[in-house]
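Engineer: Pasted the sequence and its predicted model underneath.
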Number of protein chains: 4
Amino acid sequence: MLSRAAIYRLVHRRGAAQESRFLAVLPDLICTAGLLAVIADTGIGARSRADLVLSGIVTAVWCLFVAAYALRIWSAPEASGERVASAARARLDYMGSAGGWIDLMAVLALPAGWLAGLPERDAQLFAIVWALKYIRQSSGLSLLLRVMRRALPALVSVVTVFFVILLIAATLAYVFEREAQPNAFSSIPHALWWAIVTLSTTGYGDVVPVTIWGRMLAAWVMVGGIVIFSLWAGIIATAFAEELQRRHFLRTWDLVAEVPFFQTLGAAAIADIVRLLHARHVSAGTVVIREGEAGDSMYFIVSGEATAMLAPEPVTLKPGAFFGEMALLFGTPRSTTVVVTEPSVLLVLDVADFRMLAGRRPELINVIEAEGRRRREVNAALQHA
Amino acid sequence: MLSRAAIYRLVHRRGAAQESRFLAVLPDLICTAGLLAVIADTGIGARSRADLVLSGIVTAVWCLFVAAYALRIWSAPEASGERVASAARARLDYMGSAGGWIDLMAVLALPAGWLAGLPERDAQLFAIVWALKYIRQSSGLSLLLRVMRRALPALVSVVTVFFVILLIAATLAYVFEREAQPNAFSSIPHALWWAIVTLSTTGYGDVVPVTIWGRMLAAWVMVGGIVIFSLWAGIIATAFAEELQRRHFLRTWDLVAEVPFFQTLGAAAIADIVRLLHARHVSAGTVVIREGEAGDSMYFIVSGEATAMLAPEPVTLKPGAFFGEMALLFGTPRSTTVVVTEPSVLLVLDVADFRMLAGRRPELINVIEAEGRRRREVNAALQHA
Amino acid sequence: MLSRAAIYRLVHRRGAAQESRFLAVLPDLICTAGLLAVIADTGIGARSRADLVLSGIVTAVWCLFVAAYALRIWSAPEASGERVASAARARLDYMGSAGGWIDLMAVLALPAGWLAGLPERDAQLFAIVWALKYIRQSSGLSLLLRVMRRALPALVSVVTVFFVILLIAATLAYVFEREAQPNAFSSIPHALWWAIVTLSTTGYGDVVPVTIWGRMLAAWVMVGGIVIFSLWAGIIATAFAEELQRRHFLRTWDLVAEVPFFQTLGAAAIADIVRLLHARHVSAGTVVIREGEAGDSMYFIVSGEATAMLAPEPVTLKPGAFFGEMALLFGTPRSTTVVVTEPSVLLVLDVADFRMLAGRRPELINVIEAEGRRRREVNAALQHA
Amino acid sequence: MLSRAAIYRLVHRRGAAQESRFLAVLPDLICTAGLLAVIADTGIGARSRADLVLSGIVTAVWCLFVAAYALRIWSAPEASGERVASAARARLDYMGSAGGWIDLMAVLALPAGWLAGLPERDAQLFAIVWALKYIRQSSGLSLLLRVMRRALPALVSVVTVFFVILLIAATLAYVFEREAQPNAFSSIPHALWWAIVTLSTTGYGDVVPVTIWGRMLAAWVMVGGIVIFSLWAGIIATAFAEELQRRHFLRTWDLVAEVPFFQTLGAAAIADIVRLLHARHVSAGTVVIREGEAGDSMYFIVSGEATAMLAPEPVTLKPGAFFGEMALLFGTPRSTTVVVTEPSVLLVLDVADFRMLAGRRPELINVIEAEGRRRREVNAALQHA
């Protein structure tokens, strides 16, 4: 029988990814099966055999979601014992989190449809909220929310201008076109439909100005739309790029903190180098560098183990070690092959970044050079021995 | 009876937001009611009961705008006594400002319609200029104007190229298509309509080239349109991002100037840190940090008051104090809960920015560390006492 | 009678702008009149009275262009005597420049039509190349050419990918749709029309996939189009922003070189401050700062003259002087009014930039402070005298 | 008879570009001929004479591709002898590379069609994969792959949100519109077609919402589409710009390493200057600077040879020399003409970058100034001799 901690790892999807690749994608597969059944069911006749099968799938998936929600609440106290005071508090914490709300909505989707008194096939449509599970399982939700919160004041300004242009454009279009096209422009609400379709440069073409004034207005609205969405794109893209950079910095920082070599550098040098490093998760058996190839990066081992295939006998590289620096220092081809022997996390430093860093932080390159020379001498001694 | 200063605070919307949330959004609500009435009125039959009600709402809103304009002129001398020489000067200042002009247009909207001899329902359409009030009340207007002024020379270059491409595309389309489609391409002005719809990638589809040459031209026009709007977007987005950064810098600077702690730093460190801080307005009773949670930012109190729920007795944190630095310095969970006890303004420093800063400005981190250690010792002494 | 130098200034549009605003916009007005006549002429019946008038205008404008071209060649040796060896060389230089080629095309436009044996009204259409004159007279042409040259290698990569996607999408669409829509997708060239309309997200809607496979392809093409144009926009916008910054740097550098005050700073400080200054051309009589207002920038006089309205008697500020620094240094309102008494060029330093600079270049702020103190003492001495 | 090394240079397109411009573009020409034949063949009747000719061209191009693939495998061991252990290994390396796979697909295209039992004209359509050869021959493929790999985590977040919005929008549209338009919105898969066309702002207009709720939904979908593609564009454009900058840095670094002058500078100065230099490939006989012209850049010779047309006798400038620095140092016109006498590679430093550099790296400008003074004295001595 499974312990509560094991259940926790299973349903909260921590550790599952490490135990089995299949368990890691299982929630997405279940969710996809349910959504495909909902979607496909709308395309076929009611009460046909296929309809029964698809409705069955939907119900089955829903049962799984209900079970998962219950298990998640039950196992929530396993979260990280020290932080939470009591089991009840831990359960409320989970239920109050964004993920908990999405799980609850997934559970309530079908009952909501039934309670609304809709026929079975329409009630199923509520299950489309299951799509939110994808967002819950990616790291995108929190990222997007943070970006939106950051960019909010600027976005509100632009949205305000957007609405003002929309209103004025619709009113003018109504005035210019209502005689020529009494149906399409019968009122300002109708004209608003034209305005939004034009301002977003979607241009369905179901409503098109025909008078000379209406067309001149449309030209300005199109250009205005592009200007507004340029502002919009600029704000969002800037905020997003900043937030991504911030995340990268924090994640890499945590990895750098585990490499003793970097601890010998000052805080300023670390903050500098963290921005240039990229983490790489490597599975066992991967050949990271191959003898004779041209080198374009060096590697620091955060966790795991690698083996350098040196001449007398291979050398094992433990966490904290680095390799591949010769190619960057002297521009020579790789002098040895390095294979990862355990699932490892490496920090990669590209040659371009290495050289920029050499300009800004010569002391760092000196350390790498000295350390590399020392290791080479040890190797040479081993070869002579 | 209300004093002139109270009227000023009310109609110029300063302080109103602090006194009551309802007063703060009232102008927007009134404006929205008026606009909705104008819009809805175009969709219903003339002289129906609904028409009478909606027209009544429009007139009522207009009366409020007239009254607000009069009160604003009357109370303008309260603006900020020291700066302005005389009451008349203050009133002219208000009337000449962008906000004053928008208020005037809002007042003149309906009379303009009546004077133009239009029927009542058409005269009301002028009231759509009330939408400008939204821009007036957001901080967007001045921001957008500044951005446009900054980006003007570059935008003029791009707009010139845009018009040249438009003219040449229309002429070529006219030449290529006039035989195949004598109606849609009967003259260059007609072809210009096609050109603008295509160049903005709106693509209504009401006019579409059918000849081989016309379609090849259209392909180039589409690609050209995207190139031009890329330039456009790049210019506007860059100028906007710069201007936003500038605003953020100035606002945060003013807040930083109120925190004595920062004054002990040099000007260079202040200019550096101002870019990384974000202001946060917190209402009384908010739990800013909670014991046991992971910490990702520290806080400086600009104004207001907070209470740290320490063991023997809570400690009150006054403006100028900071808290939450332990989690950033040592990576430990929050060691205490801090609650804001008055409406406060805080400056927030994120952990990523804190660490980047640690690289660039070690002296700043030293001060925070020393100050934090001192406070901890005081707390320890209190506990022993 | 006009000298050759005067003709040169007139037709090459140097100095003309300073002599008269009307002369400065005259070439654009003439060009616009010609283009409007060409465009309008396509919309009216042949051999009507209006047609005769419009054709007359076109011919008149053409005559002016011929005359201008002749005068420009004749007066070219006045360009800048020292640089060019001989008059013939100067004339060839002009004829070989981008501007010279555009002028030549403007001259040859009508004869080209006549020589091609086209009817009068069609021959006139060639005159649309006059639109290039707008680009010639803006500074946009050289800017755009430089940007395109810079971004060329990256753009070529993206355009290659664009064409490959276009070809493959058209072939697949042809395969998927040719049975359902034998007319619209009768061959790959037909399908290419659909592909370009979709890839640019123009979406006329004249050709639309109807099969399930065609629609899935279309979805990928739309998304692919947005990705490609994102790359495109990113490349162009980045190159454009860089080029604009470079231009701004060079122009401001030349102005800074004329202010003796900046020469006392080191080269590093100058390179730093040049990026933050903005040039402003001010006409005589403009009130730059007004007593009692809040200040958000300080000013350096490059050329021209300003008067500070100080108490005992106004003080004249000559090129090289600066003013408005008090408001930035101490945050006080403007203590005096400054009026420009001659057409002047000022360099403006915003308060946000001033404070950033104060962090990076404290020595600069010290100089400004010292200089400001000295000037104040002089003023005080004057008041006492 | 050609040696294997010569074949290698020919078919792997190394060195070919230097021997003959025609050989350099030959592969593209062959590929284009083949693709045009495939495309044109779909537009004409089967078994016509033109069909036979075009099919013949397609077969001929295919034969060339087969031959090229065989020759490339055969000559692969010439790649760069030192790196690869054996001929078999070198051949596998080529076949496993991205270029090798594209070549193999080009070879298999026609047989795949034949094996699938398609008629001759349809089998030919597989040849559209030849378009990938363009990408293979540009440097774009590896660049795009690197960019995509870098931006992958962020793109996955955005794509997830994109799909969730798509699903929810389609379901809502199906609910709102299925009664008003039972054909266009008969099921969610049908509604998905509308959703993708709207979300990408393509807007064909073949399916358009007509109900009030459907239109309000459509407005949100359009706006949502623009937000998503703003994020998308921001991510891709940022990653692309970074990658381009990285490439430029590496290429310029390699060139700078060949100029002895730069080796006298410290590593920090080199890393700084590399970012500002641009490589320029110049053919023999080009006049790089012309006496009397205004100068806006200086040049460093990486390889090749240039001649300065000095007064007594011309001076030959060898690799490592620089010229054009006077105009930047003193702002004077060019004092001499410099002609390139062999195909050369130059590094160009723009005046704007030169001045920014002067601020950050005064020692560099000192070296240039000293070196320039020395050269001038040598020239003066030559003139006196």
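Structural biologist: That came through, no problem. Numbering: from 1, shown residues only, chains lettered A, B, ... in the order given.

Engineer: The helix ranked longest in chain A to helix D:212-256, inter-axis angle?
Structural biologist: Longest helix in chain A by number of residues (criterion: DSSP state H): helix A:212-256. Interaxial angle of helix A:212-256 relative to helix D:212-256 (axes from the mean of the first three to the mean of the last three C-alpha atoms, to 10 degrees): 60 degrees.

Engineer: quick one: helix A:212-256 near chain C?
Structural biologist: No. Judged by C-beta under 8 Å from any C-beta of the partner chain, helix A:212-256 makes no contact with chain C; its nearest approach is 8.6 Å. For the C-beta atoms, the positions are set from N, CA and C on the backbone; glycine is no exception.

Engineer: Check which element follows that helix along the chain.
Structural biologist: Next helix or strand after helix A:212-256 toward the C-terminus (DSSP states H and E): helix A:260-263.

Engineer: what comes up buried for that following helix?
Structural biologist: For helix A:260-263, the neighbour count (16 or more other C-beta atoms under 10 Å in any protein chain shown) marks residue A:262 as buried.

Engineer: and what of stretch A:26-37?
Structural biologist: A:27, A:30, A:31, A:32, A:34, A:35, A:37.

Engineer: can I assume the fourth one sits in a helix?
Structural biologist: Meaning residue A:32. Yes. Counting by DSSP: H, G, I helix; E, B strand; the rest coil, residue A:32 falls inside a helix.

Engineer: And chain B, is the longest helix of chain A touching that?
Structural biologist: Yes. Contact of helix A:212-256 with chain B (C-beta under 8 Å from any C-beta) involves A:212, A:215, A:218-219, A:222-223, A:225-227, A:229-231, A:233-235, A:237-238, A:246, A:249-250, A:253.

Engineer: Now, of the residues you listed, which are buried?
Structural biologist: Among those, the ones that count as buried by 16+ other C-beta under 10 Å are A:215, A:218-219, A:222-223, A:225-227, A:229-231, A:233-235, A:237-238, A:246, A:249, A:253.

Engineer: Under the pLDDT cut-off, which ranges of chain A? List them.
Structural biologist: A:1-2, A:13-21, A:79-85, A:137-141, A:266-267, A:376, A:379-380, A:382-385 (pLDDT under 70).

Engineer: residues near residue A:166, how many?
Structural biologist: The number of residues packed near residue A:166 is 22, by other C-beta atoms under 10 Å in any protein chain shown.

Engineer: Does it lie in a helix or a strand, and which?
Structural biologist: Residue A:166 is part of helix A:140-177, with elements assigned from DSSP H and E.

Engineer: Could you measure from residue A:164 over to residue C:300?
Structural biologist: Noted for residue A:164: a distance of 38 Å to residue C:300, by C-beta to C-beta, to the nearest Å.

Engineer: Give me the more crowded residue out of the two.
Structural biologist: Neighbour count, other C-beta under 10 Å: between residue A:164 and residue C:300, residue C:300 has more, with 24 against 21.

Engineer: what's near enough to touch the residue of chain A found nearest chain C?
Structural biologist: Nearest residue of chain A to chain C (C-beta to the nearest C-beta) works out as residue A:205 at 5.5 Å. Residues near residue A:205 by C-beta atoms under 8 Å, 6 or more residues apart in numbering or on different chains: B:203, B:204, B:205, B:206, C:204, C:205, D:203, D:205.

Engineer: Could you work out the most separated pair of those?
Structural biologist: B:206 and D:203 (12.5 Å; C-beta to C-beta).

Engineer: Spatially nearest residue to residue A:168 (excluding sequence neighbours)?
Structural biologist: With C-beta to C-beta, 6 or more residues apart in numbering or on different chains as the criterion, residue A:168 has its nearest non-adjacent residue at 5.7 Å, and that residue is residue B:128.

Engineer: Could I get the phi/psi values of that neighbour?
Structural biologist: phi -60, psi -20 (degrees, to the nearest 10).

Engineer: residues near it, how many?
Structural biologist: Neighbours of residue B:128 (other C-beta under 10 Å): 23.

Engineer: The buried residues of stretch A:26-37: which ones sit near chain C?
Structural biologist: Answer for the buried residues of stretch A:26-37 near chain C: none qualify (C-beta under 8 Å from any C-beta).

Engineer: Can you lay out those residues as CSV showing distance to residue B:270?
Structural biologist: Formatted as CSV, those follow (distance: C-beta to C-beta, whole Å):
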residue, distance to residue B:270
A:27, 49
A:30, 54
A:31, 50
A:32, 53
A:34, 55
A:35, 53
A:37, 60
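
Engineer: and which of those is nearest chain B?
Structural biologist: Out of those, the member with the shortest distance to chain B (by C-beta to the nearest C-beta) is residue A:27, at 24.8 Å.

Engineer: Other residues contacting the host helix or strand of the closest one?
Structural biologist: Applying DSSP H and E as the criterion places residue A:27 in helix A:21-41. The contact list for helix A:21-41 (C-beta under 8 Å, 6+ apart) reads A:10, A:13, A:16-17, A:50-51, A:54-55, A:57-58, A:61-62, A:64, A:68, A:121, A:124-125, A:127-128, A:130-131, A:133-134, A:137, D:167, D:187-189, D:192.

Engineer: what about 7 Å?
Structural biologist: Helix A:21-41 has contacts (C-beta atoms under 7 Å, 6 or more residues apart in numbering or on different chains) with A:13, A:16-17, A:51, A:54-55, A:57-58, A:61, A:64, A:121, A:124-125, A:127-128, A:130-131, A:133-134, A:137, D:167, D:188-189.

Engineer: do stretch A:251-263 as well
Structural biologist: Residues contacting stretch A:251-263 (C-beta under 7 Å, 6+ apart): A:270, A:274, A:277, A:279, A:300, A:302, A:303, A:320, A:322, A:345, A:347, B:355.

Engineer: Now intersect those with the strands, please.
Structural biologist: A:279, A:300, A:302, A:303, A:322, A:345, A:347 (DSSP state E).

Engineer: check contacts around residue A:150.
Structural biologist: Residue A:150 neighbours (C-beta under 7 Å, 6+ apart): A:239, A:243.

Engineer: cool, residue A:282 as well?
Structural biologist: Residue A:282 neighbours (C-beta under 7 Å, 6+ apart): A:288, A:340, A:344, A:346.

Engineer: repeat that with 10 Å
Structural biologist: A:288, A:299, A:301, A:304, A:306, A:339, A:340, A:342, A:343, A:344, A:345, A:346 (C-beta atoms under 10 Å, 6 or more residues apart in numbering or on different chains).

Engineer: The spatially closest residue to residue A:286 that is not a sequence neighbour: neighbouring residues, count only.
Structural biologist: Once flanking residues are discounted, residue A:286 sits nearest to residue A:340: 4.8 Å by C-beta to C-beta, 6+ apart. Counted with other C-beta under 10 Å, the neighbours of residue A:340 add up to 21.
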